[in-house]
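K.L.:
From the sequence below, what's the structure:
(chains A and B)
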Protein chains: 2
Amino acid sequence: MKAQLGGDEGKHKFVLKTPKGTRDYSPKQMAIREKVFNAIITCFKRHGAEVIDTPVFELKETLTGKYGEDSKLIYDLKDQGGELLSLRYDLTVPFARYLAMNKITNIKRYHIAKVYRRDNPAMTRGRYREFYQCDFDIAGQFDPMIPDAECLKIVHEILSDLQLGDFLVKVNDRRILDGMFAVCGVSDSKFRTICSSVDKLDKMPWEEVRSEMVGEKGLSPEAADHIGEYVQLRGEHRRYDGLVGMFDPKGRKVPCVGVSIGIERIFSILEQRLEASEEKIRTTETQVLVASAQKKLLEERLKLISELWDAGIKAEVLYKKNPKLLNQLQYCEDTGIPLVAIVGEQELKDGVVKLRVVATREEVNVRRENLVEEIRMRTSQP
Amino acid sequence: MKAQLGGDEGKHKFVLKTPKGTRDYSPKQMAIREKVFNAIITCFKRHGAEVIDTPVFELKETLTGKYGEDSKLIYDLKDQGGELLSLRYDLTVPFARYLAMNKITNIKRYHIAKVYRRDNPAMTRGRYREFYQCDFDIAGQFDPMIPDAECLKIVHEILSDLQLGDFLVKVNDRRILDGMFAVCGVSDSKFRTICSSVDKLDKMPWEEVRSEMVGEKGLSPEAADHIGEYVQLRGEHRRYDGLVGMFDPKGRKVPCVGVSIGIERIFSILEQRLEASEEKIRTTETQVLVASAQKKLLEERLKLISELWDAGIKAEVLYKKNPKLLNQLQYCEDTGIPLVAIVGEQELKDGVVKLRVVATREEVNVRRENLVEEIRMRTSQP
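P.N.:
Residues are numbered from 1 along each chain as shown, chains lettered A, B, ... in the order given. Here you go, the predicted model:
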């Protein structure tokens, strides 16, 4: 049941902002989001993945010890009695918890959900505190490199499908990092903290990362420079850096390979592109507006639209007793509805509906029993 | 990028439970969930609604004073510096905040998202602390009862489409409740707290609600009995009680009418029905398994599956260098994949692929250039 908003309580002043690092999605932004999700989900399904979901929060102890120094970025819930909870920081730990809890040793699953990090937001570049992760993982004991190859294929398919332009896929392996750090003389005790510095190459230049390693983390300047050679060898960080990550956890008995699509940066790119192009994007899929040219036809409009809805046609009607025809046509122009079905006294007598094509202003009389078919034909997706 | 789970850190013990009142969704449960969401979203789109999304948390003060005594059920986030936040309790307050923030006076939108209440869970009956709300609302100044009628139509369409059996739609109006309370002699100061008791008729019998009104809330026994006559007049609470709520907030300048579909109870019903029927439910949509009967054909399998993926075919391959044909066929039986495309030395020479129908064991040789079309034809949805 709905909250009893309004009435006596309606005079409260609302704080007119979303929390720091978060945003609403407007209908236009949702249209872009759906397009991107659709491409990703279609791809994951094409590769035979199942889908799971987990709660937005986990027991605090489930997350404890999994994120090293990044733990300070975890959102905790207030202790209101009962269990101590934290918002999920990624989808990987909940996935591992799910596998262990259900004793699953073999699964190919995807999971698309919001995760939460109390990080410094940079919203113009698509860095939020609440953001989506789109994870595809293959867990199980398999012959080497076959699942890995599929993950690469998936990245390629999704980025191609979204037509983002040229892209560069970087392939990492935890063992390469292990080896690189060993060669550069990073001690085991510094391994994780230096890892986290290297991760920051996404957001800051090498010089800053180096000074963090040496200044804050006490790595020798020689070791840092040595690491610098490797990370610079791997190329500058370009347009889709950090978009794709691959990992290979081996600590638990279930080997796992996966890919995580960083959707927010893709949103940013597509949003900016759309704004630049001034392309009109529809936020509804309505095929036809049921209208009338004369007064006192509300019931007839509702009767007709009800028939259309029951036949699966996407249809709207203006919520006015006696709307002006001009206003009804204007509504179609504004929202991109391609057809208008006009009822009038004469049409009702003749058993027809006047169907108007908004773009061309062409009008045809269609027999009522053929109207659904006519609308379907004229609005079928190419 | 993924969390560096595993490796040295992989030996942590996971707490093997989800927080109280929450649950994971397994692939089977997700299949049911998608079916239900699909019916709901299709209906909302059929009625020309746009879609929005808001963050999972709001500023604490945005929620303050909106829920009366139910405020104690709100999840607060820990004060970790910065803004004080709470998890959303419903989708109505975030919607009102969104309208005010963007100065929108006219919108038909839907919003499907999880909300959070620290209530007593009753999970077998579909009562959770994390649960979905599916809200459709029409906000704006319109002629009376036209949007209201559309909301009723929507409820009818969704419940019919889901084939849940007979259902009863109850229509409420805040003004009826106002009038009823006035007639029964409920003072203005007790209005909200008595409202909240009446709401509990969903979960407890009238006798308990009455004793709460009289005992805890200090309503006179006469007034309580008077209310009792009305609520009992409205009939016993049956199979879909509380599934649908309609409201009509008028305090703000944007009049609003809407419908909220309580999805969790529908999930419960469909889950239980599915378990009872022992019907097999597929959790993937894979059309074909790419297999081989002989050894050393991994590359050929990957080449073929890559062709199929690029043509949009949903395909899988076993992650083994040299899988046994029997294991490959068994995998299809287990997961419901209807077709197997078998590559072998001879087939490669002849430029064909052996296509096997799992259900009938029928096998045909298909020319490689016709394979995609053949698979499409044999797996087209009816």
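
K.L.:
ok, which stretches of chain A are helices?
P.N.:
Ranges of helices within chain A are A:27-46, A:60-63, A:92-101, A:146-161, A:174-184, A:191-199, A:206-211, A:221-233, A:263-277, A:298-310, A:325-335, A:345-350, A:371-378, based on DSSP state H.

K.L.:
pretty sure residue A:192 contacts residue A:67?
P.N.:
No: in this structure, residue A:192 is not within contact of residue A:67 by CB atoms under 8 Å, at 9.6 Å. C-beta here means a position set from N, CA and C on the backbone, and glycine is covered the same way.

K.L.:
out of those two, which sits in the busier spot?
P.N.:
The neighbour comparison of residue A:192 against residue A:67 (other CB atoms under 10 Å in any protein chain shown) goes to residue A:67, with 21 against 16.

K.L.:
Quick check: pLDDT value at the nearest residue to residue A:291 once chain neighbours are set aside.
P.N.:
Distances taken as CB to CB, 6 or more residues apart in numbering or on different chains put residue A:328 closest to residue A:291, at 4.1 Å, once the chain neighbours are dropped. What the model reports as pLDDT for residue A:328 is 97.

K.L.:
wait, doesn't residue A:105 sit right on residue A:142?
P.N.:
No: with contact defined as CB under 8 Å, residue A:105 does not reach residue A:142; the gap is 11.3 Å.

K.L.:
can you count the residues close to residue A:72?
P.N.:
The number of residues near residue A:72, taken as other CB under 10 Å, comes to 10.

K.L.:
What separation do you get for it and chain B?
P.N.:
Using CB to the nearest CB, to the nearest Å, residue A:72 is found at 9 Å from chain B.

K.L.:
residues touching that residue, list them.
P.N.:
By CB atoms under 8 Å, 6 or more residues apart in numbering or on different chains, the contact list for residue A:72 reads residue A:118.

K.L.:
how close does it get to residue A:117?
P.N.:
Per CB to CB, to the nearest Å, residue A:72 is found 10 Å from residue A:117.

K.L.:
Apart from its chain neighbours, what residue comes closest to residue A:16?
P.N.:
Nearest to residue A:16 is residue B:101, by CB to CB, 6+ apart, at 4.3 Å.

K.L.:
that older thread, how about the contacts made by the residue nearest to residue A:291?
P.N.:
A:289, A:291-292, A:318, A:340.

K.L.:
cool, residue A:99 as well?
P.N.:
Residue A:99 neighbours (CB under 8 Å, 6+ apart): A:105, A:107, A:139, A:252, A:254.

K.L.:
Quick check: the gap between the first one and chain B.
P.N.:
Right, residue A:105. Separation of residue A:105 from chain B (CB to the nearest CB) stands at 13 Å.

K.L.:
out of everything not next to it in sequence, what's closest to that residue?
P.N.:
Closest to residue A:105 by CB to CB, 6+ apart is residue A:254, at 5.4 Å.

K.L.:
Quick check: pLDDT value at the one you found.
P.N.:
Residue A:254 is given a pLDDT of 70.

K.L.:
gap between it and residue A:103?
P.N.:
Going from residue A:254 to residue A:103 by CB to CB gives 10 Å.

K.L.:
And for residue A:124, the neighbour number?
P.N.:
Residues near residue A:124, counting by other CB under 10 Å: 8.

K.L.:
What distance do you get for it to chain B?
P.N.:
The value you get for residue A:124 to chain B, if CB to the nearest CB is used, is 18 Å.
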